[in-house]
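*Asks:* structure here, sequence nowhere to be found:
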Ligand code: GLC
């Protein structure tokens, strides 16, 4: 605490000596410097106009013309700021290190599928190690936009559809990036984004409007941000979207009343790219001056890229439209973070060595635990001596395995499925790219093998920012390949390298086994090969619903009940929901198979009745269950705990995830899994933000996925 007090005194001293222009410079994160504008950019740094720098733009930075980071160049900019500018305030360097810097980890949606917070934390520790070693102080991650619409391209960057799981991921990522002190070597500052509700973009169209009630905001969209803040996230990025007609970027209600006063956020808010000047396009501001006045007065501290704070703020203060205290408070928040990062003590990057091989090993571990086995009708694992027909457009694919935000990852350093399978096989792998299949010969070709493995998926170019799709189906050529492979009569294993959930009707049916490998990063191919040959056992579970078809979107597990029979997610009564289609998901939230055979016992709760006052005073009660592995493989199982508040003052979901535990259970072993429930798990937020636990009955479910019917009832009296 003393350290923080020192900061305040030092910050007071710095601010007292700054001119208004220098203060505004601290709020300014201009465009990324390039070789072409380097000298002019250095002059702006010398004049104190650059508080932060966006080190790269776009998801493939290290592979674009701008190339990877020049540590020398950024150290020189820093030297100018520290030694030549009047204030001497160091620059804060930020970058989109979303799921990898040089070693690429699985996309965040895939990492969430691991349900393994420790592994996610380790992944982000490696990511911070690599990026900070090249001078990145601050990453614009974790992206915490829950989404129920896989047409949205950015669903791949977030933690799926559930607030409890999203909150667990938020904490793991922030801890991995920042550690217990972000100024330490190998650590960097996190940024919880995009605050808030971006994942609700209408029709899954990026940047589109959203309609979110306070009730939904409090119970669904905010918890992951609260978790990131409680984990120590020192920055937040405001979202492009509006909420019910109010742009977040200019909303004091969202940026100050809720984010700061209610959630207790103490860091600084950076806008999304050009989001401040875009207020004019959203029709709430006349010009750049209006945009600036609205955003800063709402509580938006740093302006990313459009330069309108630098352009307009001086006049706005001189004319009284923005108070000097407001500017000072924004400067204070930013300087505090720079102190927390240790920039005043040690502003320069001293590039050292990082253990890329260890990071790749961890990336493989992460990929392996993110892989979800969706179907296995006695096919997997295969023997190394099996003769394999390997086909499909993804057998030689490298780039798409890295997903959207690959930054400095190198496709040429990414093993593909053909290499990974051949490295393990002893029976031989005959491989042909799906599009090369001369179909007349293929029947003979495929019939001379024991099993077919089809490697399919979606291109990384259909995922990520500004890459929403109206059609979430596999391409027709891939669908045809599946049908023809099926016609050979051989067993067909499918491996899907997708970023988002894709529609499964007419697809999954045609496989004997189906593996969802996501865009799983630098080592996903070898992780998949390990699983196909049984050298590893799949343990991932779905963080997001996989629909039968796109026309069912939005479809998600935590639905509220209805006054009339709505059997959609949980029922099979087609007639009750659609007259022309089963309404249920193809694969539900929390679903995933193993090679092991996990048998759940009965739920045990020694206190099925608990006094409300005890709960209110912090008493927790335990719920336990035995899980036995009756299979032939050791395996990890994710036990999932859901509750249902049976009677409340507001409608509550039919199921809400309130706990999960991933445990290793050796074959023949029984493990007892224990959960504790109490005030924090049983309540919900009213529209006004008040958190309440209401007496009454709660069903407590425990099982393999959200469809489990295994439950007990607990009463809070
Ligand atoms: C982009 C994205 C945001 C990213 C920022 C900087 O538009 O919305 O996620 O961090 O700009 O690249």
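*Replies:* Ah, there it is. What you see is a predicted model, and the numbers here were worked out from it, not measured in a lab.

*Asks:* didn't residue 568 look like it was pressed against residue 588?
*Replies:* No. Residue 568 is beyond contact range of residue 588, at 11.6 Å (criterion: C-beta atoms under 8 Å). C-beta: built from backbone N, CA, C; applies to glycine.

*Asks:* find residues that contact each of these two.
*Replies:* Contact criterion C-beta atoms under 8 Å, 6 or more residues apart in numbering; residues shared by residue 568 and residue 588: none found.

*Asks:* residue 148 and residue 162 touch, don't they?
*Replies:* No. Using C-beta under 8 Å, residue 148 is not in contact with residue 162; the gap is 9.9 Å.

*Asks:* so which of the two has more stuff around it?
*Replies:* residue 162 (28 against 21; other C-beta atoms under 10 Å).

*Asks:* check what pLDDT that one gets.
*Replies:* At residue 162, the pLDDT value in this model is 98.

*Asks:* which residue sits closest to it, ignoring its sequence neighbours?
*Replies:* residue 657 (5.2 Å; C-beta to C-beta, 6 or more residues apart in numbering).

*Asks:* what bridges to the one you found?
*Replies:* For residue 657, the beta-bridge partners under DSSP bridges are residue 642.

*Asks:* same question, the one 4 residues further on
*Replies:* Here residue 661 sits in beta bridges with residue 639, as judged by DSSP bridges.

*Asks:* what's the burial count for it?
*Replies:* As a burial measure, residue 661 scores 16 neighbours (other C-beta under 10 Å).

*Asks:* would you check that it makes contact with residue 625?
*Replies:* No. Using C-beta under 8 Å, residue 661 is not in contact with residue 625, being 9.9 Å away.

*Asks:* overlap in contacts, these two.
*Replies:* What both residue 661 and residue 625 touch, as defined by C-beta under 8 Å, 6+ apart, is the set 639, 673.

*Asks:* and whichever residue of the stretch 51-200 of the chain sits closest to the ligand, what pLDDT?
*Replies:* Closest contact between the stretch 51-200 of the chain and the ligand, by C-beta to the nearest ligand atom, is at residue 140 (3.4 Å). At residue 140, the pLDDT value in this model is 98.

*Asks:* spit out the contact partners of residue 57.
*Replies:* Shown in contact with residue 57 (C-beta under 8 Å, 6+ apart): 32, 66, 273.

*Asks:* for residue 236, give me its contacts.
*Replies:* With C-beta under 8 Å, 6+ apart, residue 236 has these contacts: 191-193, 195, 225, 229, 259, 265, 267-270.

*Asks:* how about the residues of the stretch 351-500 of the chain near the ligand?
*Replies:* Within the stretch 351-500 of the chain, the positions adjacent to the ligand are residue 465 by C-beta under 6 Å from any ligand atom.

*Asks:* ok and the residue in the stretch 351-500 of the chain nearest the ligand?
*Replies:* Counting by C-beta to the nearest ligand atom, the stretch 351-500 of the chain gets nearest the ligand through residue 465, at 5.5 Å.

*Asks:* now do stretch 616-635: distance to the chain's middle.
*Replies:* Averaging C-alpha positions (C-alpha atoms, centre = their mean, to the nearest Å) puts stretch 616-635 27 Å from its chain's average.

*Asks:* the helix or strand residue 40 falls within: how far from the chain's middle?
*Replies:* According to DSSP states H and E, residue 40 maps onto helix 38-46. How far helix 38-46 lies from its chain's middle: 35 Å, per C-alpha atoms, centre = their mean.

*Asks:* if we look at the next helix or strand after that helix, which residues are touching it?
*Replies:* Note on helix 38-46: by DSSP H and E, the next helix or strand toward the C-terminus is strand 52-54. Residues from elsewhere that reach strand 52-54, judged by C-beta under 8 Å, 6+ apart: 28-33, 74, 77, 91-95, 138, 270, 273, 302, 304-305, 334.

*Asks:* residue 510: how many residues sit nearby?
*Replies:* Neighbours around residue 510, by other C-beta under 10 Å: 16.

*Asks:* find the nearest non-adjacent residue to residue 156, please.
*Replies:* That would be residue 499: by C-beta to C-beta, 6+ apart, it lies 3.9 Å from residue 156.

*Asks:* how about the one you found, phi and psi?
*Replies:* Here is the backbone geometry of residue 499 (degrees, to the nearest 10): phi -90, psi -50.

*Asks:* and it, how far from residue 659?
*Replies:* Residue 499 sits 28 Å away from residue 659, taking C-beta to C-beta, to the nearest Å as the criterion.

*Asks:* go on, residue 504?
*Replies:* Note on residue 504: its distance to residue 659, by C-beta to C-beta, is 28 Å.

*Asks:* comparing these two, which residue is more hemmed in?
*Replies:* Neighbours per residue (other C-beta under 10 Å) separate residue 504 from residue 659, with residue 504 holding more: 24 against 20.

*Asks:* burial count for the closest residue to that one other than its chain neighbours?
*Replies:* Nearest non-adjacent residue to residue 504, counting by C-beta to C-beta, 6+ apart: residue 586, 3.8 Å away. Applying other C-beta under 10 Å, we find 22 residues neighbouring residue 586.

*Asks:* likewise for residue 587?
*Replies:* Counted with other C-beta under 10 Å, residues neighbouring residue 587 total 24.

*Asks:* chain neighbours aside, what residue packs nearest to it?
*Replies:* For residue 587, the spatially nearest residue (C-beta to C-beta, 6+ apart) is residue 546, at 4.1 Å.

*Asks:* I'd say the one you found and residue 500 touch.
*Replies:* No. Look at residue 546 against residue 500 with C-beta under 8 Å: they stay out of range, at 9.6 Å.

*Asks:* ok, which residues in this protein are in contact with the ligand?
*Replies:* Checking the chain against the ligand by C-beta under 6 Å from any ligand atom, the hits are 57, 96, 140, 193, 272-273, 465.

*Asks:* just the buried members of the residues you listed?
*Replies:* Neighbour-count burial (16 or more other C-beta atoms under 10 Å) is assigned, among the residues of the chain next to the ligand, to 96, 140, 193, 272-273, 465.

*Asks:* inside strands: which ones of the residues you listed?
*Replies:* residue 193 (DSSP state E).

*Asks:* and the buried ones among the residues of the chain next to the ligand, which is closest to residue 493?
*Replies:* Using C-beta to C-beta, residue 465 comes nearest to residue 493 of these, at 32.6 Å.

*Asks:* ok, now which ones touch that closest one?
*Replies:* Applying C-beta under 8 Å, 6+ apart to residue 465 gives the contacts 59, 153-154, 206, 404.

*Asks:* hmm, try it at 7 Å
*Replies:* Going by C-beta atoms under 7 Å, 6 or more residues apart in numbering, residue 465 touches 153-154, 206.
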